[in-house]
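1. I would like the atomic coordinates for the input below:
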Amino acid sequence: MLRFLLLSILLTIAARMFWRLLEGAIEGYTGRSRSARSSDVPARGVQMVRDPVCGTFVVPARAVSLVDGRSHVYFCSDRCRDAYRARTA
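-> The predicted model follows:
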């Protein structure tokens, strides 16, 4: 019984290694990586702006924003936006 369990674990690990190797070969051949297809990664050439409170760079399309006079100010979080409001009020 123990041999069967160890053999099944070994085969599972070997199969996973084979599939990872195959995926890596395909990604290397096509030039596309799995992480590049992720929607969390901004496209190249996207202009990022600096949060005036903490200095973090954010993508304007995904940032918390505030209209300050005639310009838009972008923040990484609601906490930074609220701190900015308190500081400028």
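
2. Tell me the strands beside the worst-scoring helix or strand of the chain on mean pLDDT, with direction?
-> Lowest on mean pLDDT, DSSP states H and E among the helices and strands of the chain sits strand 64-68, with a mean of 88. If you go by DSSP bridges, strand 64-68 pairs up with strand 71-75 (antiparallel).

3. What lies in contact with the partner strand?
-> 49, 51-53, 58, 60, 63-67, 81, 84 (Cβ atoms under 8 Å, 6 or more residues apart in numbering). For every residue, glycine as well, the C-beta is placed using N, CA and C.

4. can you pull the pLDDT of the nearest residue to C76 once chain neighbours are set aside?
-> Spatial nearest neighbour of C76, excluding adjacent residues (Cβ to Cβ, 6 or more residues apart in numbering): T56 at 4.4 Å. Looking at T56, its pLDDT reads 91.

5. residue ranges for the helices of the chain, please.
-> Ranges of helices within the chain are 2-30, 78-88, based on DSSP state H.

6. most packed of the ones you listed?
-> Greatest average neighbour count among these goes to helix 78-88 (a mean of 14), per mean count of other Cβ atoms under 10 Å.

7. just to revisit the earlier point, got the helices of the chain as a markdown table, with mean pLDDT columns?
-> Converted to a markdown table, the helices of the chain look like this (pLDDT from 0 to 100):
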| stretch | mean pLDDT |
| --- | --- |
| helix 2-30 | 91 |
| helix 78-88 | 91 |
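
8. can I get the ones you listed in TSV with distance to S71?
-> As requested, the helices of the chain are arranged in TSV below (distance: least, Cβ to Cβ, whole Å):
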stretch	distance to S71
helix 2-30	42
helix 78-88	12
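
9. re earlier: surely the residue nearest to C76 touches R50?
-> Yes. T56 sits in contact with R50 when judged by Cβ atoms under 8 Å, with a separation of 7.3 Å.

10. who's more crowded, these two?
-> Of the pair T56 and R50, T56 is the one with more neighbours under other Cβ atoms under 10 Å, namely 15 against 12.
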